[in-house]
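Undergrad: Predicted structure and sequence below. I'll ask about it afterward.
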Amino acid sequence: MAFDDLLAGFGSWTEQVRGRLSSNFDIAPFTWFRVGGPAQLFFNPADEADLAFFLKNLPEEIPVTVIGLGSNLLVRDGGVEGVVIRLSGKAFSDVSVTDDLVVKVGAAMPDMRFASQMARQGVAGFSFYKGIPGAIGGALRMNAGAHGSETKDRLLGARAVDRKGHIHDLTPDDLGHGYRSCNAPSDYIFTEATFQGEPGEAKALKAEMDEVSAYREDNQPTKERTGGSTFRNPDGMSAWKLVDEAGFRGFKLGGAQVSQKHTNFLLNLGDATAEDIERLGEMVRGKVRAMTGIELHWEIKRIGNFPEGVVIKPFLEDK
Ligand SMILES: Cc1cc2nc3c(=O)[nH]c(=O)nc-3n(C[C@H](O)[C@H](O)[C@H](O)COP(=O)(O)OP(=O)(O)OC[C@H]3O[C@@H](n4cnc5c(N)ncnc54)[C@H](O)[C@@H]3O)c2cc1C
């Protein structure tokens with residue numbers, strides 16, 4: 001499938017854009033699941049000013065979606081209408097540390113690389129990121145966390161560009177982080193985070209990170225095509241347990257499977273479509289609700305369109 005070429009209708013202002021613009025661009029390789037249709041227009045800004053310029057000039061009816069490293073994301077098979085923005089490169093990956101251990105880090109910096117860099121510099125507080133395969137922008141949006149720590153814990157602030165191209169400096173209150181959630185307006189594209197680190201010892205921090213990595217290897221499908229935790233944990237409960245008790249461990253639908261290793265992870269076995277994965281997720285939700293009355297809510301963000309003729313009804317099992 002292919003979308004109409006948006007660029008053709010934009011006019012000459014796009015000549016001043018310094019980043020990369022690509023029509024009908026395949027974004028599946030930028031996601032962990034490796035499925036889904038193209039972005040109508042893909043934009044890789046050169047830096048924050050370029051991003052702001054682009055958004056200011058982009059006609060307001062064009063929808064904008066931002067993606068990070070695609071580790072909590074399912075792109076539907078019909079592709080994503082409008083513009084998909086992905087931050088990458090040095091301008092969005094810089095890290096600086098002051099004498100007071102105030103750390104500024106660009107939104108495209110991968111969490112794992114950030115953890116390693118902080119450990120090498122003897123800055124403590126970020127080892128938990130060694131187990132999270134996203135980037136800092138996604139961590140801000142999802143309040144990513146693990147092993148008793150969350151993104152919000154050490155956060156002093158963040159920068160974001162809104163849909164109109166205005167730049168905002170945000171406080172933790174503005175961000176309103178909760179469990180895997182953030183209350184900042186949904187159009188905000190994070191470009192940078194500021195954290196408070198604390199003094200640490202490189203060798204001890206390396207050992208902490210090794211422990212995080214070993215735990216991951218033992219407990220999660222870290223080398224497969226997956227989207228991380230599929231469902232949010234309901235209050236006081238574990239989503240994986242509800243999925244397991246509903247009998248889904250290892251269950252397959254088309255090319256998708258509920259992981260044997262961790263039942264809150266869905267897998268693309270190699271030839272899954274986004275439809276297989278989403279249908280499997282909905283089937284799980286339906287059965288869990290029928291058995292327990294508990295509604296599981298997607299943690300994975302699903303973006304884009306269903307292909308023509310495809311309808312995935314929530315809670316399939318009830319219908
Ligand atoms: C094997 C595996 C293990 C995982 N373990 C954990 C874990 O322990 N803890 C945990 O919290 N998560 C975990 N995840 C999920 C995932 O890594 C996190 O949610 C991560 O923060 C997502 O970041 P990302 O860059 O991949 O974002 P994406 O998946 O690309 O996007 C996720 C959301 O963030 C938004 N977003 C991305 N970048 C920006 C930006 N710059 N500005 C605004 N919004 C943005 C997107 O629009 C989307 O809504 C795991 C995933 C996998 C595959």
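TA: Thanks, I have the structure now.

Undergrad: And residue 317, what's its pLDDT?
TA: At residue 317, the predicted lDDT confidence score is 56.

Undergrad: Same check on residue 253?
TA: Spelled out, the predicted local distance difference test score at residue 253 is 97.

Undergrad: count of residues packed around it?
TA: 20 (other CB atoms under 10 Å). In this view, the C-beta of every residue, glycine as well, is placed from N, C-alpha and C.

Undergrad: Would you confirm that it contacts residue 276?
TA: Yes. Here residue 253 lies in contact with residue 276, judged by CB atoms under 8 Å, at a distance of 5.7 Å.

Undergrad: the helices in the stretch 1-150 of the chain, which residues?
TA: Counting by DSSP state H, counting those that start in this stretch, one finds helices in the stretch 1-150 of the chain at the ranges 48-57, 111-120, 136-142.

Undergrad: most packed of the ones you listed?
TA: When you average the neighbours per residue for each of these (mean count of other CB atoms under 10 Å), helix 136-142 leads with a mean of 27.

Undergrad: could you check whether that one is close to the ligand?
TA: Yes. With CB under 6 Å from any ligand atom as the measure, helix 136-142 is seen reaching the ligand through 137-139, 141-142.

Undergrad: Can you tell me which of those is nearest residue 161?
TA: residue 137 (11.1 Å; CB to CB).

Undergrad: give the contact list for the closest one.
TA: Residue 137 makes contact with 66, 68, 87, 107-108, 189-191, according to CB atoms under 8 Å, 6 or more residues apart in numbering.

Undergrad: From the residues you listed, which land in strands?
TA: 66, 189-191 (DSSP state E).

Undergrad: ok so, going back, ok, and which of the contacts of residue 137 reach the ligand?
TA: Restricting the contacts of residue 137 to those near the ligand by CB under 6 Å from any ligand atom leaves 66, 68, 87, 107, 189-190.

Undergrad: pLDDT added to these, as JSON lines?
TA: As requested, these are exported to JSON lines (pLDDT from 0 to 100):
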{"residue": "66", "pLDDT": "98"}
{"residue": "68", "pLDDT": "98"}
{"residue": "87", "pLDDT": "98"}
{"residue": "107", "pLDDT": "98"}
{"residue": "189", "pLDDT": "98"}
{"residue": "190", "pLDDT": "98"}
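
Undergrad: Now do the same contact list for residue 241.
TA: Residues in contact with residue 241 (CB under 8 Å, 6+ apart) are residue 263.
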